Every structure is written in structure tokens, then in C-alpha cells.
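Engineer: Quick one, fold the following:
(one chain, ligands or ions: 2)
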Amino acid sequence: MGEKQAELLAGPASVLIVEDENIIALDVEQSLKKLGYKVSGLARSGAEAIEKATSCRPDVVLMDIRLGGPTDGIDTGGLLWSKMNIPVVFLTAYADEGTLERAKSAAPFGYVVKPFHDQELHAAIMMALFKHKAFQELEERVRERTILLEEAVRSRDEFLLVAAHELRTPLTALQLQLQGLERMVQGTLHSSPSDDERKIPGKIEKAVRSAGRLCALVERLLDVSGLGAEKLPLLREETSLSQVVMETVETFRAKAESAGCQVQLEVADPAIGTWDRSRLEQVVSNLLSNAIKYGGGKPVDVSVAADGKVAILKVADQGIGIAEADRERIFGRFERAVSLRHYGGLGLGLYITRRLVEAHGGTIWVDSSPGAGATFSVELPQGREAGRS
Ligand SMILES: Nc1ncnc2c1ncn2[C@@H]1O[C@H](COP(=O)(O)OP(=O)(O)OP(=O)(O)O)[C@@H](O)[C@H]1O
Ligand SMILES: [Mg+2]
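Structural biologist: Ligands and ions are numbered 1, 2, ... in the order given. Sure, this is the predicted structure:
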């Protein structure tokens, strides 16, 4: 009966025996042969086990735990599984808590305590082989799912980009028309306008603002497609980071005030470098708008420092902060660490920011204590040579 079961998997399963005591090794070999398995080799040490497993690729390894030599069975078993994907069944005289605990680290497929009955050994090997097969099938399914998911993400990105592209032309036209209308209406109100007439300029102004917001959103989506390119073109010129920061903070005044948040500036040096001014404006705007959005109405500190080699910009808020697990991820495309219900956004600001900083040869990172705020730091080389373009 044993013979039949051992052959369930396309021919007899092959087993590598790792055992440093000759007599026991021969005994195990005999049992295996009786049970219908093919013994593909016998190794006496961890190193020999790896060598033989590499050359004969057994279906399963029967591993003694205490082996002579520098590596024991647990270390060797761990390597066989993690590097070569070969399932390991421990066959050992030891079953104390300490050994069992350590054995877990090798992710064994079975554990048989010596002395053993042939049927016990057989059951353990069979289970290991079936578990391994199920594991491989699961892995294959995960691989297929991953491909599907990657495909879905790609089509989403492509759809957004095409949509943004198509929306841009009519939106720009709409914005221009509304701005024209705004100019025409200014000064055309006669001396005693009706209530409705009085409301017209305000309504047009709101429409212009909404159109502006839509245009900015569409531009941002398009920016992402441009940023996908290998090399980002930069229009470098002598630029003062401090000046860019001061001007940008100024444009955020109203927004910060309406969020009840005070922006404090600390600028110690003009921080001159050969940078793309409008790209730096984007960097500062993205960080500042996040600090205001996620800053919980508490003060935001913006500082610039430079030493002639590098300039450092810091934007620190005292808001919700970012969990450690999210700190790298949020720089990815469409990655967010908050729910859309609480905070609107596309998850593109930091992605764009990082691409722009890196195009300048710089780095960006975040420090945060969740619940107590986040500090984003940007380091930019002041000399041109460090940049990529
Ligand atoms: N100052 C901050 N404090 C706490 N979380 C932040 C902060 N800045 C960014 N985050 C987190 O990082 C995520 C990504 O930020 P990013 O600026 O890329 O996107 P967004 O603000 O969600 O949308 P948008 O594309 O409009 O900027 C945010 O959704 C938020 O979870
Ligand atoms: Mg943002």
C-alpha cells in the first residue's frame, strides 16, 4: 500500500537523507526503500546536504537536527527551503521546547521523533509532499493575481491620463471664456442694479475659481504622465530657494488662514542654486498644501538653510502624522495613507515632488510621530554638477 502512495506524484518521490550517524542513515534508507521511495542521496553534514540537494534536486529532505560540523540541521533546512524551495521534514531524537521553537524558523513541512515506525515516517513525508504541492499551487495563483492587479493598475493610470488629456482642451477654453466674461461684466453694472444683477460678478468669480481648480487638477494628472519619462527636462537658472519659499508661502496665506493654521517662516540664507524655479515652486506648494491639509489647524514651520554645498528645506506640521509603515509608500503614484472620506486628494503631490527633487539631484524624506505631526525635508545640491539634467 505504501508503495502505491509514494508513487502518487508522477513516479516514486525522491528523498535526500541528511544524517551524520551511519547506522541510522542506513536504517532510514532501508525504511524508505521499503515504503517505495527513491533515495536520491545521503549527506552527513549541512554543507554536503546543500551540495547534494543542488545536484539531485530531491522532492523532500529528511533532516537530522544535530549534525557534526558548523551548521546544524535547522540552519541547513532553513536554507534548503528559502533558497531552493525544497521541503524539509526533521527526523530527530529531540523534541524539547527549545529545539521545537528553533525548528520553526526553518519552516519545516514535518517533524518526526526518533525512534520512529515506518508508517509514521511515511505519513510525514506524504503530508510534506502534498503540503508543498498545495503551496506551489497557491504561489502560482498569487503570481497570476499579481499580474492581473498590475494590469488593472496600468489601465487605471492610462485611463486617467487619456481622460485628463481629453479634458484639458475644453476646460482651458471654458476658463478663458469665463475670464473674458468676468472682464466684460466688470464696470457694466448700471447705477441701480437689481438684486440678481448684483450677484452676477460674484457668481462669475466663483465659476472662474472652480474652472481654475479643475484646470490645476487636470494639469496635475498630465504632469504624472510627463514625469513617467526617464529624464525630466529642467529649465535651470540661478534661483534663490528662500525667495521661492517666501513667495509660495505668501500665495498660501489665505488658504492657511481659512484652515486656522499659522505658517511660520525661518529663512537664514538666500540659498542660491541652479535650479528650475517653477519646479521648486511646485515642490514647496505640494509640501505646504499637505502641511495645511493634514496639519490639524496647528502652526506649520517652514525653514530654509544652506551651507554652500546643499540647501535644506523643511516643512513641519503638528497634525495627524504618518505611521512608520506608510512613510516610504506615500511617495508612490496614487498612494495615500488617509481615507478619501476625510481628506480629498489624488495621492500625486508627493510622487511629483519626489520626482522633481530627484531630477535636481536631491533627496526628500519624512520624519514623523504619528498623531503629533510630520516633517518633510528636502536636500538640494547647490552646484549644478550634482543634478541629472
Ligand atoms: N504633512 C502630512 N501629514 C500627514 N500625512 C501626510 C502629510 N503629507 C502627506 N501625507 C500622507 O501622504 C499621502 C500622499 O500625499 P500626496 O500629497 O502625495 O497626496 P494627497 O495629498 O493625498 O493628494 P494630492 O495628489 O492632492 O496631493 C496623503 O494622502 C497622506 O496620507
Ligand atoms: Mg498632497
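Engineer: From now on I want contacts and neighbour counts done on CA atoms only, so please keep to that.
Structural biologist: OK.
Engineer: close to ligand 2, is the strand ranked longest in the chain?
Structural biologist: Longest strand in the chain, counting residues (DSSP state E): strand 373-381. No. Using C-alpha under 5 Å from the ion, strand 373-381 never reaches ligand 2; the gap is at least 12.2 Å.
Engineer: ok, which stretches of this protein are strands?
Structural biologist: Counting by DSSP E, the strands of the chain are 14-18, 38-43, 60-63, 88-92, 110-113, 236-240, 263-267, 272-276, 300-306, 310-316, 363-369, 373-381.
Engineer: Buried residues, stretch 156-173. List them.
Structural biologist: Buried residues in stretch 156-173, counted by 16 or more other C-alpha atoms under 10 Å: 157, 160-161, 164, 168, 171.
Engineer: between these, which is nearest residue 366?
Structural biologist: Nearest to residue 366 among these, counting by C-alpha to C-alpha, is residue 157 at 26.0 Å.
Engineer: Isn't residue 299 up against residue 315?
Structural biologist: No. If you go by C-alpha atoms under 8 Å, residue 299 and residue 315 don't touch, sitting 10.8 Å apart.
Engineer: more neighbours, these two?
Structural biologist: Using other C-alpha atoms under 10 Å as the criterion, residue 299 and residue 315 rank with residue 315 on top: 23 against 19.
Engineer: what bridges to that one?
Structural biologist: residue 302, residue 376 (DSSP bridges).
Engineer: what about residue 11, how many neighbours?
Structural biologist: 12.
Engineer: burial count for the residue in the stretch 1-150 of the chain positioned nearest to ligand 1?
Structural biologist: Using C-alpha to the nearest ligand atom, the single residue of the stretch 1-150 of the chain nearest to ligand 1 is residue 150, 20.0 Å away. By the criterion of other C-alpha under 10 Å, residue 150 has 11 neighbours.
Engineer: any idea how far residue 144 is from it?
Structural biologist: 10 Å (C-alpha to C-alpha, to the nearest Å).
Engineer: what's the answer for residue 66, then?
Structural biologist: In terms of C-alpha to C-alpha, residue 66 sits 40 Å off from residue 144.
Engineer: of the two, who's got more company?
Structural biologist: Each of residue 66 and residue 144 has its neighbours counted (other C-alpha under 10 Å); residue 66 has more, 18 against 11.
Engineer: Please name the nearest non-neighbouring residue to residue 122.
Structural biologist: residue 35 (7.0 Å; C-alpha to C-alpha, 6 or more residues apart in numbering).
Engineer: per-residue pLDDT, that neighbour?
Structural biologist: In this model, residue 35 is scored at 95, pLDDT.
Engineer: quick one: it and residue 121 touch, right?
Structural biologist: No. Contact criterion C-alpha under 8 Å: residue 35 and residue 121 do not qualify, at 9.3 Å.
Engineer: what's the most buried one of the strands of the chain?
Structural biologist: Greatest average neighbour count among the strands of the chain goes to strand 60-63 (a mean of 28), per mean count of other C-alpha atoms under 10 Å.
Engineer: Show me what that strand pairs with in its sheet, parallel or antiparallel.
Structural biologist: Sheet pairing for strand 60-63, using DSSP bridges, gives strand 14-18 (parallel), strand 88-92 (parallel).
Engineer: In TSV, list these along with distance to ligand 2.
Structural biologist: TSV is the format used below for these (distance: least, C-alpha to the ion, whole Å):
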stretch	distance to ligand 2
strand 14-18	57
strand 88-92	49
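Engineer: For those, could you give me CSV that also reports distance to residue 325 and mean pLDDT?
Structural biologist: Output for the strands paired with strand 60-63, formatted as CSV (distance: least, C-alpha to C-alpha, whole Å; pLDDT from 0 to 100):
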stretch, distance to residue 325, mean pLDDT
strand 14-18, 41, 97
strand 88-92, 33, 96
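Engineer: Dump those into CSV; add distance to ligand 1 as well.
Structural biologist: What follows is the strands paired with strand 60-63, written out as CSV (distance: least, C-alpha to the nearest ligand atom, whole Å):
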stretch, distance to ligand 1
strand 14-18, 51
strand 88-92, 43
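Engineer: Tabulate the ones you listed (JSON lines), appending distance to residue 190.
Structural biologist: Shown next, in JSON lines, are the strands paired with strand 60-63 (distance: least, C-alpha to C-alpha, whole Å):
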{"stretch": "strand 14-18", "distance to residue 190": "98"}
{"stretch": "strand 88-92", "distance to residue 190": "91"}
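Engineer: Residue 94 touches residue 113, doesn't it?
Structural biologist: Yes. With contact defined as C-alpha under 8 Å, residue 94 and residue 113 form a contacting pair (6.9 Å).
Engineer: for residue 351, what are its contacts?
Structural biologist: Neighbour list for residue 351: 330-334 [criterion: C-alpha atoms under 8 Å, 6 or more residues apart in numbering].
Engineer: Look up the closest residue to residue 181, ignoring the ones flanking it.
Structural biologist: residue 204 (7.7 Å).
Engineer: tell me the contacts of that neighbour?
Structural biologist: Contacts of residue 204 by C-alpha under 8 Å, 6+ apart are 178, 181-182.
Engineer: Can you tell me which of those residues comes closest to ligand 2?
Structural biologist: residue 178 (27.5 Å; C-alpha to the ion).
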